[in-house]
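[1] next comes the sequence, and after it the predicted model I'd like to discuss.
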Amino acid sequence: MASRGRAGTRRAPRPMPRMVEPLVERPLAVSFAAFFGLLVAAEDAYLAWLLWTPDVGWDWFMAGPLLLAVLAVAGAALVFTGRTRGWMVLAAAAVLPLAGLVVLAGIFAVLGDGLAVWSVLLLLVGPLVCLVLALRRPVRAWTGARRPPGGGRRPGQSR
């Protein structure tokens, strides 16, 4: 019988690179930004409801707040799912009602209706917090462009 040498198991010289990206946990600020985006949409729908008149019903000037509500829902969904540049949509959906409410508070202040000014200032909380959260770094990073490792260049690609 021939003596057999002990053959060791053959291993690859280096481990295979993993193709699966590690799961990244959603930052808490993203969830709050999406929630406040939905709150802005609810406030926009409320403002559209305030513009509704029973005699006329739906009128053309109700389209503005309703479109802003749709924009806010879209921005909240884009931010929550981490889509590229979703924070810009959410910030735009927050800035427009914020500017409108500031103008409305100024008009009520000039007219001297203190109760109306305070109610408008209370409505300012939603768009203001939504804007602040949408502009924070964790939200922008979560909705930033995802680049493949290595700078995004493929092998064989020249400059």
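    Sure, I can see it.
[2] quick one, longest helix in this structure?
    In the chain, assigned by DSSP state H, the helix with the most residues is helix 86-111.
[3] so which elements touch that helix?
    For helix 86-111, the elements it packs on are helix 28-51, helix 63-81, helix 114-123, helix 125-134, judged by 3 or more CB pairs under 8 Å, 6 or more residues apart in numbering; DSSP states H and E. In short, each C-beta sits where N, CA and C put it, glycine included.
[4] go ahead and flag the most central residue of the protein.
    Val79 (2.9 Å; CA atoms, centre = their mean).
[5] against Ala92, how distant is it?
    Val79 sits 12 Å away from Ala92, going by CB to CB, to the nearest Å.
[6] who touches Gly75 in this structure?
    37, 86-87, 89-94, 134 (CB atoms under 8 Å, 6 or more residues apart in numbering).
[7] so, low pLDDT: which residues of this structure?
    1-8, 10-12, 15-23, 57, 145-159 (pLDDT under 70).
[8] run the last query once more with 90
    1-25, 49-63, 85, 113-114, 144-159 (pLDDT under 90).
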